[in-house]
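Peer 1: take this sequence and fold it.
(chains A and B)
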Amino acid sequence: MIKEFILAITLGALLGFGITGSYLALNNSKKVTSIASPTPTIVQNQNTTPIPTSTSPEPTNQSSHTLTIDSPQNESIVAVSSVTIKGLTSPLSSIIVTTATKSYYTNSDDTGKFNLDIEVDSGPNQIQIDSFDPLDNQASVALLVTYSTAKI
Amino acid sequence: MIFTLLLAIATISPTPTPTIAPTPTTGISEEIQKIREVVQQKVKEKLNQISNPTTSKKSIIGKAIQVSPTEITIENKNYTRMVSLSADTTYVDLKRNKSNLAALKIGQDIMIMGIENSTDNTFAAKRVVFSDFQTFANKKTSTIGKIVDISRTSPIFTLIPTNNKNSLFQIKTDAKTEVIDKNQKVILLPNLKSGHKIIVIMVPDPKISKTYYAQKIIDFDYTPPTPTPVPTKK
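Peer 2: I've put the predicted structure just below:
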């Protein structure tokens, strides 16, 4: 009777410790494999820094209507008086471009792209670009473009 | 006895054994792989530098707030920036004559043309032009809104801008004011009507608040008159 009792305890203990040990070992190996290699982060380089407009009346900024200018870059130097303004805004927007002496009007296409040839004056030109979407939301970008043939 | 037996069983129970790292049997090939990766990275960086040059010709404007023999600090509404000077930097005064650094006074408006290095964010001045910002300032502003009143006695109308319906602008027009429709066709000023949606490009009247001089008006609600049918003779 005692022998059977001891045998039962022994088998039970073996089974219990075995299961516990296996569980702990498995858990430990999982922790080791879960240390993943760090993923590289991509940092985007934003080169263009449009100057915010300070003219009144203030344009609205509450909508998703945006305006980005692809070219020319802010503070760039051009060697010819004709400059093409290329940009992206909401589709079918009205685009107004002004310099100190001239003003221009065009529309963006159904993808939001627009191109407009303008004439700049000799020296620094403060170019103001305004976009009005079909819901009358306004977005603005100001650029400084210098027309100079001086050798830099 | 049972206790001894249990103790013995406990000591032989399976415990998690630390995994042994694989022996570096391929150590040399790993080193080669690392060197390859470093070389690839360096080549990529160099190619990137060639395809995207970090230096560019730029022109910046601002007020000189600090001047030293080697540097000028300028300030404008967006930033304060230090610009380095060198022996080959040239100076041009307000009369477009050749000048020098000694002539540059604190507070002078200047335009600096030079080379910007975006990697270390430096700006090497090549040409410093003394300027008067008023001469090239773009004072124009554009707004969209509705004409709510047109004066019958003077060339002036009242506009409520769409983005601020609590505001009223007095817009003056003259013979130089250009009026076009949405298709860029020139229309006559008297065709502007109360209730029309317009974009107006204007400059502020320095003397009167919220009063502007219209330079260009785009009338979105202008409809060209339909030609009246001429009765044909029988």
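Peer 1: how about low-confidence regions in chain A?
Peer 2: For chain A, the stretches flagged by pLDDT under 70 are A:1-2, A:5, A:7, A:11-62.
Peer 1: any chance you could map the helices in it?
Peer 2: Assignment of helices within chain A using DSSP state H yields the ranges A:2-33.
Peer 1: chain B now?
Peer 2: B:2-11, B:27-51.
Peer 1: by mean pLDDT, show me the worst of the ones you listed.
Peer 2: Least confident of the helices of chain B, judged by mean pLDDT, is helix B:2-11 with a mean of 51.
Peer 1: quick one, strands of chain B?
Peer 2: B:55-67, B:71-75, B:80-84, B:90-92, B:98-99, B:109-117, B:122-131, B:141-150, B:156-161, B:169-172, B:178-181, B:197-204, B:211-219 (DSSP state E).
Peer 1: and those strands: which comes nearest residue A:100?
Peer 2: strand B:197-204 (10.0 Å; Cβ to Cβ). Placement of C-beta: from N, CA and C, glycine included.
Peer 1: ok now that closest one, how far from the chain's centre?
Peer 2: On the basis of Cα atoms, centre = their mean, to the nearest Å, strand B:197-204 sits 22 Å off its chain's mean C-alpha point.
Peer 1: what about that strand, near chain A?
Peer 2: Yes. Using Cβ under 8 Å from any Cβ of the partner chain, strand B:197-204 reaches chain A at B:197, B:199, B:201, B:204.
Peer 1: kindly report the same for stretch B:152-172.
Peer 2: Yes. Stretch B:152-172 lies within reach of chain A by Cβ under 8 Å from any Cβ, at B:161-164, B:167, B:169.
Peer 1: list the contacts of residue B:185.
Peer 2: Going by Cβ atoms under 8 Å, 6 or more residues apart in numbering or on different chains, residue B:185 touches residue B:224.
Peer 1: do you know how far it is from residue B:221?
Peer 2: Computed with Cβ to Cβ, to the nearest Å, the distance linking residue B:185 and residue B:221 is 14 Å.
Peer 1: how about residue B:38?
Peer 2: From residue B:38 across to residue B:221, the span is 66 Å (Cβ to Cβ).
Peer 1: looking at those two, which is more packed in?
Peer 2: Neighbour count, other Cβ atoms under 10 Å in any protein chain shown: between residue B:38 and residue B:221, residue B:221 has more, with 14 against 10.
Peer 1: correct me, but that one touches residue B:194?
Peer 2: No. Applying Cβ atoms under 8 Å as the test, residue B:221 and residue B:194 come out as separate, 10.4 Å apart.
Peer 1: let me have the strands of chain B in CSV, extended by distance to residue A:90, mean neighbour count and mean pLDDT.
Peer 2: As requested, these are exported to CSV (distance: least, Cβ to Cβ, whole Å; neighbours: other Cβ atoms under 10 Å in any protein chain shown; pLDDT from 0 to 100):
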stretch, distance to residue A:90, mean neighbour count, mean pLDDT
strand B:55-67, 30, 18, 96
strand B:71-75, 35, 18, 97
strand B:80-84, 33, 16, 97
strand B:90-92, 42, 17, 97
strand B:98-99, 47, 12, 96
strand B:109-117, 32, 20, 97
strand B:122-131, 35, 20, 97
strand B:141-150, 14, 21, 97
strand B:156-161, 19, 20, 97
strand B:169-172, 24, 20, 96
strand B:178-181, 21, 18, 96
strand B:197-204, 15, 21, 97
strand B:211-219, 17, 21, 97
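Peer 1: which residues sit in contact with residue B:126?
Peer 2: A:152, B:88-90, B:113-115.
Peer 1: how near is it to residue B:199?
Peer 2: Going from residue B:126 to residue B:199 by Cβ to Cβ gives 40 Å.
Peer 1: strands of chain A, residue ranges please.
Peer 2: Using DSSP E, strands in chain A cover A:67-71, A:76-78, A:82-89, A:94-98, A:103-107, A:113-119, A:123-132, A:138-147.
Peer 1: who are the packing partners of the second one?
Peer 2: By that I understand strand A:76-78. Judged by 3 or more Cβ pairs under 8 Å, 6 or more residues apart in numbering or on different chains; DSSP states H and E, strand A:76-78 is in contact with strand A:138-147, strand B:55-67.
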